[in-house]
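**Q** Quick one, what's the 3D model for this:
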Amino acid sequence: MKFVLKGRTFGAGYVKGEALVSHSPISFAGSVDPISSTVVEKGHELFGKKVRDKILVFPTGKGSTVGSWVILRMSALKSAPIGIINVNTDEVILVGAIIAGIPLVDNLNRSPLETIRTGDFVEIDAQKGTVNVTRNET
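**A** All right, here's what the predicted structure looks like:
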């Protein structure tokens, strides 16, 4: 099954990859190890998962403004997600994605948390504001 979502974009770029979905907010300042790209926040639904090279789907960010710089550091270390999809992007995630050059989409016409699943193949076209999703049926 394939479908297209439309939303608001920040920055430009086109990326494609596997979705990693969290229904909980994410803090890049303390919840994600920037070197290993592993979610280290105990109790978080993505605990132990790597965000490297994923299209990271989550409702919004949380925590300190240091998170923006952690995203930039992760980009330099090649441990960052390649794309971000939020329900509503907060300023920390917005600034981090922009300075790191990570395509970011939010305010989609359908909730990404209800329509995208971990393992789905996702394409973000930040120029057009589209998210193409191919459901992983396995």
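**Q** Contacts only, for I98.
**A** Contact partners of I98, counting by CB atoms under 8 Å, 6 or more residues apart in numbering, are 10-11, 104. All C-beta spots, glycine's among them, are computed from the backbone N, C-alpha and C.
**Q** Does it fall in a helix, a strand, or a coil region?
**A** Three-state assignment for I98 (DSSP: H, G, I helix; E, B strand; the rest coil): helix.
**Q** quick revisit: when you compare pLDDT across the contacts of I98, which one is lowest?
**A** When the contacts of I98 are compared by pLDDT, G11 scores lowest at 76.
**Q** Next step: the contacts of I98 restricted to strands.
**A** Cross-referencing these with the strands (criterion: DSSP state E) gives 10, 104 as the overlap.
**Q** And the lowest-mean-pLDDT helix or strand in the chain, what's buried?
**A** Taking mean pLDDT, DSSP states H and E as the measure, the helix or strand of the chain with the lowest value is strand 8-10, at a mean of 91. For strand 8-10, the neighbour count (16 or more other CB atoms under 10 Å) marks 9-10 as buried.
**Q** Counting by contacts, list what it packs against.
**A** Using 3 or more CB pairs under 8 Å, 6 or more residues apart in numbering; DSSP states H and E as the contact criterion, the neighbours of strand 8-10 among helices and strands are helix 91-100, strand 104-106.
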